[in-house]
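**Q** Would you be able to build a 3D model of this:
(chains A, B, C and D)
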Protein chains: 2
Amino acid sequence: MKPMKIPEKTVTRLSIYLRCLEELEADGVASVSSRQMAERFGLNSAQVRKDLAYFGQFGVRGLGYYIAELKHNLERILGLKQDWEVALVGVGNLGSALIAYKGFQARGFKIGVAFDTDPARVGQVVGGVQVVETVKLVSTLRKKKVKIAVLAVPAPAAQSVADLLVEAGVTAILNFAPAQITVPEGVKVQNVDLSVLLKTLSYHTVRTNRPSPLRLEPRTIRES
Amino acid sequence: MKPMKIPEKTVTRLSIYLRCLEELEADGVASVSSRQMAERFGLNSAQVRKDLAYFGQFGVRGLGYYIAELKHNLERILGLKQDWEVALVGVGNLGSALIAYKGFQARGFKIGVAFDTDPARVGQVVGGVQVVETVKLVSTLRKKKVKIAVLAVPAPAAQSVADLLVEAGVTAILNFAPAQITVPEGVKVQNVDLSVLLKTLSYHTVRTNRPSPLRLEPRTIRES
DNA sequence: TAGATTGTTAATCGATTAACAATC
DNA sequence: TAGATTGTTAATCGATTAACAATC
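**A** Numbers count the residues shown, from 1 in each chain, chains lettered A, B, ... in the order given. As a prediction, this is how the structure comes out:
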């Protein structure tokens, strides 16, 4: 066994490959080559092969990859052979939406419990999920051994809630709060800042639709 | 004039820097150094300076960056000096949530119109937003000159809706559908696949909580 | 001025891609 | 076998970081 460090982007792509395999399997296809998969996503076939090769030799030379087998392996690697109970913190607009969002639950991830500090929400059942007061977060998640949490609280509360999650033994956090949160080594944070994503699109839009009047002008122009 | 290509990640970080500046400004601070900003996010100070230097010389040697001025410039660069009307396609669970989500609207982005094919939803007003039938998408968005759209439809519909958006003159798409969508050159797609994000966390969790009992250790930094 | 910090170039690091022997 | 495609190494590309002269 080689303790090689796997690039983050490789792991993300594994999920993409898996989705591809599911589609192909639904089409009744038995095998697929790295080139075929790459073309589907505008990637390089060597990259597909390399990504997979980090985890083992799943292919058959001259043929490609057996879909059922590769799918099985990717599910195993990604930890999708088990169900995950996910905790939600923050049952506001976004949090409620995430409970309702079926795609979120689709693949073995189930929001089993939600936390909020608002007394108006505590005790309610939102989309089948019990809303518990945040002071009970640590004891509740420890008891349930929850490892994955979704953070959908306002930015100022994000760090303190993250601290609670870590204390409760959570090792992976999907953070929707527009805030930088700091966690100990070994805890993984995935930030999803919708506002940042929109700003990136805004940037792109001003550049793309440039024929408009407003032009970018750095304070000084320099040439080497 | 050199039309230098700006890394995608640089643009993303600009948004982060801007958030930092907003916080500092609220604290009444007048200037900040690249080192101070870098520390806040666990980045390298040279990276901060380099990111900014792509767009001009905004700093003062020996001092750092004047917050008000840099903030102004980042807003200009990111296209935040104007309001953007955003179109939403797909008023299901996620779509409705995005309408309700205030953080989404916060910074000059306003969902002005929504589209859906479901007759039960068409004609309704959700969160103050009119739901229009998707067949009217192209004409409506052309008339309104909408450039940014949020795609929150089921995966199988994603590509055909994306085609309509492009036809309507949209140049930036925030895609929540778990599907690979293909667009012409010049149109920017930001994919936000919540399921992929969760799988990445699942991967991390099986690896972290694997052989040994979990060990949590000193505090370190971040992730983007 | 003396100290600090930028803007920028050069070095390093990491990830993508090309190439090809191995082999189904 | 002949053709195809993997797994992997080497080459390339791009992004991060270190270093430092310029200069406030």
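**Q** and residue A:199, what element?
**A** According to DSSP states H and E, residue A:199 maps onto helix A:194-208.
**Q** Relative to residue B:39, how far out is the residue nearest to residue A:194 when sequence neighbours are not counted?
**A** Leaving aside its chain neighbours, residue A:194 sits nearest to residue B:104 (5.6 Å; criterion: Cβ to Cβ, 6 or more residues apart in numbering or on different chains). C-beta coordinates here come from the backbone N, C-alpha and C atoms, glycine included. Using Cβ to Cβ, to the nearest Å, residue B:104 is found at 29 Å from residue B:39.
**Q** Helix, strand, or coil at residue A:115?
**A** For residue A:115, the assignment made with DSSP: H, G, I helix; E, B strand; the rest coil gives strand.
**Q** so where do the strands sit in chain A?
**A** Secondary structure of chain A (DSSP state E): strands at A:31-32, A:59-60, A:64-66, A:84-89, A:109-116, A:125-126, A:129-133, A:148-151, A:172-175, A:188-191.
**Q** Output those strands in JSON lines; the columns should cover mean pLDDT and mean neighbour count.
**A** Listed next are the strands of chain A as JSON lines, based on pLDDT from 0 to 100; neighbours: other Cβ atoms under 10 Å in any protein chain shown:
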{"stretch": "strand A:31-32", "mean pLDDT": "98", "mean neighbour count": "19"}
{"stretch": "strand A:59-60", "mean pLDDT": "96", "mean neighbour count": "16"}
{"stretch": "strand A:64-66", "mean pLDDT": "98", "mean neighbour count": "19"}
{"stretch": "strand A:84-89", "mean pLDDT": "97", "mean neighbour count": "24"}
{"stretch": "strand A:109-116", "mean pLDDT": "96", "mean neighbour count": "22"}
{"stretch": "strand A:125-126", "mean pLDDT": "94", "mean neighbour count": "13"}
{"stretch": "strand A:129-133", "mean pLDDT": "97", "mean neighbour count": "19"}
{"stretch": "strand A:148-151", "mean pLDDT": "98", "mean neighbour count": "27"}
{"stretch": "strand A:172-175", "mean pLDDT": "97", "mean neighbour count": "25"}
{"stretch": "strand A:188-191", "mean pLDDT": "96", "mean neighbour count": "21"}
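**Q** contacting residues for the closest residue to residue A:129 other than its chain neighbours?
**A** Nearest non-adjacent residue to residue A:129, counting by Cβ to Cβ, 6+ apart: residue A:114, 4.9 Å away. Contacts for residue A:114 (Cβ atoms under 8 Å, 6 or more residues apart in numbering or on different chains) come out as A:87-89, A:91, A:95, A:99, A:126, A:129-132.
**Q** circling back: mind checking which of residue B:104 and residue B:39 has more residues around it?
**A** residue B:104 (23 against 14; other Cβ atoms under 10 Å in any protein chain shown).
**Q** Could you pull up the contacting residues of the more buried one?
**A** A:194-195, A:198, B:98, B:111.
**Q** can you check residue A:202 too?
**A** Applying Cβ under 8 Å, 6+ apart, the residues contacting residue A:202 are B:78-80, B:84, B:109, B:148, B:172.
**Q** Recalculate using a threshold of 10 Å.
**A** Residue A:202 makes contacts with B:11, B:15, B:75, B:77-82, B:84, B:86, B:107-109, B:147-148, B:172, as judged by Cβ atoms under 10 Å, 6 or more residues apart in numbering or on different chains.
**Q** number of nearby residues for the spatially closest residue to it that is not a sequence neighbour?
**A** Excluding the flanking residues, the one nearest residue A:202 by Cβ to Cβ, 6+ apart is residue B:79, at 4.1 Å. For residue B:79, the neighbour count with other Cβ under 10 Å is 23.
**Q** sorry, back to before: tell me which of the strands of chain A approaches residue B:44 most closely.
**A** strand A:188-191 (18.3 Å; Cβ to Cβ).
**Q** How about the closest one and chain B, any contact?
**A** Yes. Residues of strand A:188-191 contacting chain B under Cβ under 10 Å from any Cβ of the partner chain: A:188-191.
**Q** counting contacts, what elements does the longest helix belonging to chain A pack onto?
**A** Criterion DSSP state H: the longest helix present in chain A is helix A:8-26. Using 3 or more Cβ pairs under 10 Å, 6 or more residues apart in numbering or on different chains; DSSP states H and E as the contact test, the elements touching helix A:8-26 are strand A:31-32, helix A:34-41, helix A:45-53, strand A:64-66, helix A:67-78, strand A:188-191, helix B:194-208.
**Q** nearest to DNA strand C, of these?
**A** Ranking those by distance to DNA strand C, with Cβ to the nearest atom of the strand as the measure, places helix A:45-53 first at 3.6 Å.
**Q** For that closest one, buried residues please.
**A** Residues A:47-49, A:51-52 are the ones in helix A:45-53 that count as buried (16 or more other Cβ atoms under 10 Å in any protein chain shown).
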